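> all I have is the shape, not the residue letters:
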């Protein structure tokens, strides 16, 4: 087998892992073959190889699901993540100061994922957590992350996901879309009130690199009803200062 064919086969086999999501937690080898448009024997071979590697595991009704090795890999990912290494101590300080949950969020391509959460005294009930993709255009963390994009990067996102952006209440024209995120960038933070989950508010700031791009976003999350009795300006200051401290440590 040529190197090109071998690489192509490996890419298709690894694509099996991308078939799983909240709606498809388990699949049969037949479903894998159909989804990847490969022969049934090839689908079985992919599944068998991934089972042997621990990346898949057998469950009921001849189905397979993601395997235990991914749990191990996630442990290593956490330990290797520089944002968590430098950020968790700061997150714990913010929790002690406010009593609210503190969350770090990363942007991987255009996929938004929470990477860590420190629980406050009254932990919020979140629909999203580590590993579950969040909407790109809703909530404080995604907005401060996109605001760190260059105009060229932001325009690519706009053109690729314009309909989704408009459904999320963002401007339908590029000029207005750019101005929207430019305002967030100038402010250095964003307060999201009920955008992602109706009962929750998030105060978010970017953890910036020296070149102006973002390592991640740092957020304090609280019940929206508590805004009436908290100093929002103080929360903004704590989050932006915390994000800056993490950025300095990473720099």
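Yep, that arrived. The model shown is predicted, which means the values in this text are computed figures rather than measured ones.

> from here on, contacts and neighbour counts on C-alpha atoms
OK.

> quick one: distance of the longest helix seen in the chain to the chain centre.
For the chain, the longest helix by residue count, based on DSSP state H, is helix 232-250. Computed by CA atoms, centre = their mean, to the nearest Å, the chain-centroid distance of helix 232-250 equals 20 Å.

> does anything pack onto it? Which helices or strands?
Helix 232-250 sits against helix 82-98, strand 200-208, strand 214-223, with contacts defined as 3 or more CA pairs under 8 Å, 6 or more residues apart in numbering; DSSP states H and E.

> okay, buried residues for that helix please.
235-236, 238-240, 242-247, 250 (16 or more other CA atoms under 10 Å).

> can you give me the helices in the stretch 101-250 of the chain?
140-147, 151-160, 162-167, 174-187, 232-250 (DSSP state H, counting those that start in this stretch).

> make TSV out of these and add distance to residue 109 and mean pLDDT.
Formatted as TSV, these follow (distance: least, CA to CA, whole Å; pLDDT from 0 to 100):
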stretch	distance to residue 109	mean pLDDT
helix 140-147	11	97
helix 151-160	10	96
helix 162-167	16	96
helix 174-187	18	98
helix 232-250	20	97
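
> mind putting these into a markdown table with distance to residue 45?
Output for the helices of the stretch 101-250 of the chain, formatted as a markdown table (distance: least, CA to CA, whole Å):
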| stretch | distance to residue 45 |
| --- | --- |
| helix 140-147 | 39 |
| helix 151-160 | 35 |
| helix 162-167 | 37 |
| helix 174-187 | 47 |
| helix 232-250 | 43 |
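
> out of these, the one nearest residue 10 is which?
helix 151-160 (27.6 Å; CA to CA).

> residues making contact with that closest one?
110, 146, 165, 174, 177-178 (CA atoms under 8 Å, 6 or more residues apart in numbering).

> deepest-packed of the helices and strands packed on helix 232-250, please.
Among the helices and strands packed on helix 232-250, strand 200-208 has the highest mean neighbour count (mean count of other CA atoms under 10 Å), at a mean of 28.

> skip the chain neighbours and tell me the closest residue to residue 105.
Nearest non-adjacent residue to residue 105, counting by CA to CA, 6 or more residues apart in numbering: residue 114, 4.1 Å away.
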